[in-house]
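A.B. asks: I would like to see how this sequence folds:
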Amino acid sequence: MKLIIIMAMFLTGCLTTGYEVKKVETVMEVKGQVGDKKVGLDDKKQIILQEEVDASDELRIQQNVNLKLRDEYDHEAFMLKQCRTDVSDLRLGGTGEIPPISEVDDMKSPETVREEIGITDSGELKVVRKSYFVDQLKLERKYDSSLRKMKKLIVRHREECEYKMAIARRKSGLPSSRYDGKGYFTKGGAWVQTDRDESNLDDAFEIQAKAKAAKGGEE
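C.D. replies: Now for the predicted structure:
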């Protein structure tokens with residue numbers, strides 16, 4: 001008898017994949033509204049805070065959030081790379097070699113963090129990508145969490161690097177921050193740039209030399 005019960009439980013477990021659509025009870029006695037959420041009582045007179053979002057909207061919103069996070073991560077990673085390059089420059093007292101930051105250098109790329117869903121070919125000209133909706137949503141949220149942690153790490157090291165860079169720049173006679181482009185607007189509203197933005201240290205020392213030469217000419 002015990003064997004029959006165990007077998008029945010096993011077969012039931014095998015037949016249930018966890019992806020079946022469940023009926024969610026949404027009917028309640030609405031008493032108010034808090035933002036997009038409804039406040040009300042269910043059939044057991046329990047106070048419920050209920051939010052209803054279309055499944056497709058939930059996934060799309062998460063994907064849009066991830067796109068924004070990825071752009072922010074890429075920007076911070078670029079700024080950190082530029083800062084590390086400048087700090088290592090001999091003209092700022094560096095060694096000429098970029099000092100390693102193991103937790104940054106050994107970090108996986110966002111592409112590696114994002115798992116790939118299986119692909120099934122359909123004919124010769126089409127590729128059909130299929131995945132369970134729940135898995136895709138979980139994957140996007142996992143990607144969100146990973147990107148936030150990676151961005152936080154990059155930002156911390158970028159801020160530390162830029163602090164060191166500011167000190168090194170002042171010792172070399174440069175302003176602590178990179179030069180901003182200068183210019184003026186004509187009467188017609190057109191912008192005329194007289195000094196370009198600093199994109200690297202070569203620009204910085206060139207702008208510095210130009211300013212010194214202009215100041216010497218005035219004297």
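A.B. asks: where do the helices sit along the chain?
C.D. replies: Using DSSP state H, the helices found in the chain span residues 2-15, 55-87, 102-105, 110-113, 133-171, 201-218.
A.B. asks: Specify which residues of this protein, grouped into ranges, have pLDDT under the cut-off.
C.D. replies: Applying pLDDT under 70 to the chain picks out residues 1-29, 31, 34-37, 43, 45, 47-53, 114-132, 216-219.
A.B. asks: now do 50
C.D. replies: By pLDDT under 50, the low-scoring segments of the chain are 1-15, 19, 21, 119-120, 123, 126-128.
A.B. asks: sorry, back to before: could I get the helices of the chain as CSV with mean neighbour count?
C.D. replies: Using the backbone N, CA and C atoms, a C-beta is placed for each residue, glycine as well. As requested, the helices of the chain are arranged in CSV below (neighbours: other C-beta atoms under 10 Å):
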stretch, mean neighbour count
helix 2-15, 9
helix 55-87, 16
helix 102-105, 11
helix 110-113, 12
helix 133-171, 16
helix 201-218, 13
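A.B. asks: and of these, who's closest to G93?
C.D. replies: Across those, G93 has its closest neighbour in helix 133-171 (5.4 Å, C-beta to C-beta).
A.B. asks: in terms of contact count, name the helices or strands touching that closest one.
C.D. replies: For helix 133-171, the packing partners by 3 or more C-beta pairs under 8 Å, 6 or more residues apart in numbering; DSSP states H and E come out as helix 55-87, helix 102-105, helix 110-113.
A.B. asks: just to revisit the earlier point, need the helices of the chain in a markdown table with distance to G32, can you?
C.D. replies: A markdown table is the format used below for those (distance: least, C-beta to C-beta, whole Å):
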| stretch | distance to G32 |
| --- | --- |
| helix 2-15 | 41 |
| helix 55-87 | 23 |
| helix 102-105 | 48 |
| helix 110-113 | 41 |
| helix 133-171 | 29 |
| helix 201-218 | 59 |
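A.B. asks: closest one to K38 among those?
C.D. replies: Comparing the helices of the chain by C-beta to C-beta, helix 55-87 comes nearest, at 16.8 Å.
A.B. asks: relative to helix 201-218, how tilted is the closest one?
C.D. replies: 60 degrees (axes from the mean of the first three to the mean of the last three C-alpha atoms, to 10 degrees).
A.B. asks: elements contacting helix 55-87?
C.D. replies: Checking 3+ C-beta pairs under 8 Å, 6+ apart, helix 55-87 ends up next to helix 133-171.
A.B. asks: just the angle between the helix it packs on and helix 55-87, please?
C.D. replies: Using the same axes, to 10 degrees: helix 133-171 against helix 55-87 is 20 degrees.
A.B. asks: In contact with L92: list those residues for me.
C.D. replies: 86, 165, 168-169, 171-172, 201 (C-beta atoms under 8 Å, 6 or more residues apart in numbering).
A.B. asks: And the helices and strands packed on helix 133-171: which comes nearest A214?
C.D. replies: Using C-beta to C-beta, these put helix 55-87 closest to A214, at 24.4 Å.
A.B. asks: In this structure R196 contacts G181, no?
C.D. replies: Yes. Counting by C-beta atoms under 8 Å, G181 is a contact partner of R196 at 5.4 Å.
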